[in-house]
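**Student:** below: sequence and its predicted model.
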Amino acid sequence: MLKTAQDLIKRAGERLGITQADIEYLLKTEAEHEFDIELANGERFKAFRTQHNSVLGPYKGGIRFHPEVDAEEVRALATLMSLKTAAVGLPLGGGKGGVAVDPRQLSQDELEELSRKYVAGLKEYIGPNKDIPAPDVNTNARVMDWMVDEYEKLTGDTSHASFTGKSLERGGSRGREAATGHGGIIVLREVLDELKDDKNPTTIAIQGFGNVGIFFAEIAEKDHANWQLVALTDSSGGVYNPNGLSAKSAHRFKREGGRLVEYGAAHAGTITNDELIATDVDVLVLAALGDVINEQNMYTVRARYVLELANGPISEKAYDYLTKKGIIIIPDILANAGGVVVSYLEWLQNKAREHWPEQRITQELEQYLTAATRNIFKRAVLDKISPKEAAISIAIERILKARNSRRL
């Protein structure tokens, strides 16, 4: 993932004609923090926080708890976060953090201890005007509540603006939980509108029917009558019905303890993740993990559009192959930016000590992502480049412009 992110910057930078020094500036991280967390039971875990670039504003980015977290992954995600905030026009930089741990192996008390000790290890480097972390893989509002509470105990800050993705009771924002999936809906709608693609029905397959995928599917089902869900998968497998599926029904089945593959067996038919990627649909939504389309399976993709709701779900070689094939890839730094937009709105609310109604959040989210999508796709057409290259080009120009303005 790191090599892919860095190569994308190099390629875009060379095409833009910027200097090698500028490219090196864009690749370099401003700070990297690595430390051990020891729990009371004696277990030790590696913890990380990378702060990539802050020229546009405070670092912003999630914290993930996962056994495979390492310095390289965190560095890659922080780099992508700088590009994402710049591409959608937010006054924020990019950061990312994590702990190499399987949270399922911890009790709730141990998870809280880990969360609080993570903050203690970083308290000098984070804060409302420095670095504002948020949830990511295997972290949620409860973890953020522990973290903001610990930060406030250690520093005396009372704004709640040191972390986002919190519960409403601790200063969280309405609309935050659905933000990434909802943002993906807005972006896809705008892309289809920009390209005057009004096929009815527009068939959709979703790989990753978890939190983001569920919100995307249910909003699509509710608000877009001409969009038809035909396939859904999670880690267990999934369900396929060429005549259409009910996201609400599938979600209810999972919520009640059933596995999605069992739902598939009971409703129309089952499908594997590999089979879903090869499904003949208009839109393939990738809402699970990174690198799910790669050199092994890229030849099987038949969708006309691929929406990257996950971070880095397509390898560099697969991205080049699919783009040359004429498949339109809606890039992650645009497609999944709904989460960081609403995190930014939460931060603004905290700093102003306000609580905005959900209608205002939705309107602001619409404005940011509609403008960003139109800007990126117009740039792609004008420069005859892919949407991802257009998004990265816009991000690079904004970052370098801000840096140059500081030098004056």
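**Tutor:** Arrived safely. Residues are numbered from 1 along each chain as shown.
**Student:** got the buried residues for the helix or strand hosting Gln6?
**Tutor:** Per DSSP states H and E, Gln6 falls inside helix 2-16. By 16 or more other Cβ atoms under 10 Å, the buried positions in helix 2-16 come out as Leu2, Thr4, Ala5, Gln6, Leu8, Ile9, Arg11, Ala12, Gly13, Leu16. C-betas here are computed from N, CA, C, even on glycine.
**Student:** which one of those residues is nearest to Ser236?
**Tutor:** The nearest member of the buried residues of helix 2-16 to Ser236, counting by Cβ to Cβ, is Thr4 at 28.1 Å.
**Student:** wait, that closest one touches Ser315, no?
**Tutor:** Yes: with contact defined as Cβ atoms under 8 Å, Thr4 reaches Ser315; the gap is 6.7 Å.
**Student:** the top strand by length along the chain pairs with which strands, parallel or anti?
**Tutor:** Assignment by DSSP state E gives strand 44-53 as the longest strand of the chain. Applying DSSP bridges to the sheet, strand 44-53 is found paired with strand 31-38 (antiparallel), strand 94-99 (antiparallel).
**Student:** ok, Arg360 to Glu366 distance?
**Tutor:** 11 Å (Cβ to Cβ, to the nearest Å).
**Student:** hmm, I typed the wrong one, I wanted Asn241.
**Tutor:** Taking Cβ to Cβ, one finds Asn241 at 31 Å from Glu366.
**Student:** which residues in the stretch 301-408 of the chain form helices?
**Tutor:** 316-324, 332-335, 338-352, 358-383, 387-407 (DSSP state H, counting those that start in this stretch).
**Student:** just the C-alphas of the second one, formatted as PDB.
**Tutor:** Which is helix 332-335. Provided in PDB are the C-alpha atoms of helix 332-335 (Å, rounded to 0.1, in the frame of the first residue of the first chain):
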ATOM      1  CA  ASP A 332     -10.900   6.000  -2.400                       C
ATOM      2  CA  ILE A 333      -9.600   9.500  -1.600                       C
ATOM      3  CA  LEU A 334     -12.900  10.800  -3.000                       C
ATOM      4  CA  ALA A 335     -15.300   7.800  -2.600                       C
END
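**Student:** pLDDT at the residue nearest the centre of the chain, what is it?
**Tutor:** Most central in the chain under Cα atoms, centre = their mean is Asn336, positioned 4.5 Å from the mean C-alpha point. We note a pLDDT of 95 for Asn336 in this prediction.
**Student:** same question for Gly98.
**Tutor:** pLDDT, Gly98: 98.
**Student:** now Thr4
**Tutor:** Per-residue confidence at Thr4 stands at 80 (pLDDT).
**Student:** repeat for Leu345
**Tutor:** If you check Leu345, the pLDDT there is 98.
**Student:** so what's the residue count around it?
**Tutor:** By the criterion of other Cβ atoms under 10 Å, Leu345 has 23 neighbours.
**Student:** isn't it right up against Ile361?
**Tutor:** Yes: Leu345 lies in contact with Ile361 (Cβ under 8 Å); the separation is 5.9 Å.
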